[in-house]
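Novice: need a 3D model of the sequence below.
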Amino acid sequence: MTAGSRLYVVDRLEGHVAVLVTDDGEQVDVPKTSLPFRVREGMVLRVTVDGRGHPEWPSAERDETEERRRMDHARARLERLKRRDPGGDIQL
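Specialist: Below is the predicted model of the structure:
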């Protein structure tokens, strides 16, 4: 494996731990103190990984462009779903 970077999304904060999720669903618990800045839920972090694929948490940077792209994608998807909803009560 070669060095590079990987994206993580801050799924939630639990006490002193940030729970991060990769695009392939891998969940990683990272002590907040390992990250170079205060994180919030929903942030997208770009993190350098070493040659063995291990994240170097102090290198984390917020990727605001990717956050906006993902939010725009989610909004568009929600709008498509709303257009398909006939409204009214559900009959069981």
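Novice: next, the spatially closest residue to Val30 that is not a sequence neighbour: phi, psi?
Specialist: Computed as Cβ to Cβ, 6 or more residues apart in numbering, the closest residue to Val30 that is not its neighbour in sequence is Ala18, at 5.1 Å. C-beta here means a position set from N, CA and C on the backbone, and glycine is covered the same way. In this entry, Ala18 is assigned phi and psi values of phi -100, psi 130 (degrees, to the nearest 10).
Novice: tell me the bridge partners for Ala18.
Specialist: Beta-bridge pairing for Ala18 (DSSP bridges): Leu13, Val30.
Novice: for the nearest residue to Glu64 once chain neighbours are set aside, name its beta-bridge partners.
Specialist: In this structure, Glu64 finds its nearest non-sequential neighbour in Val44, 7.8 Å apart by Cβ to Cβ, 6+ apart. Beta bridges link Val44 to Val9, judged by DSSP bridges.
Novice: spit out the contact partners of Tyr76.
Specialist: Slight slip there: residue 76 is Ala, not Tyr. With Cβ atoms under 8 Å, 6 or more residues apart in numbering as the criterion, no residue contacts Ala76.
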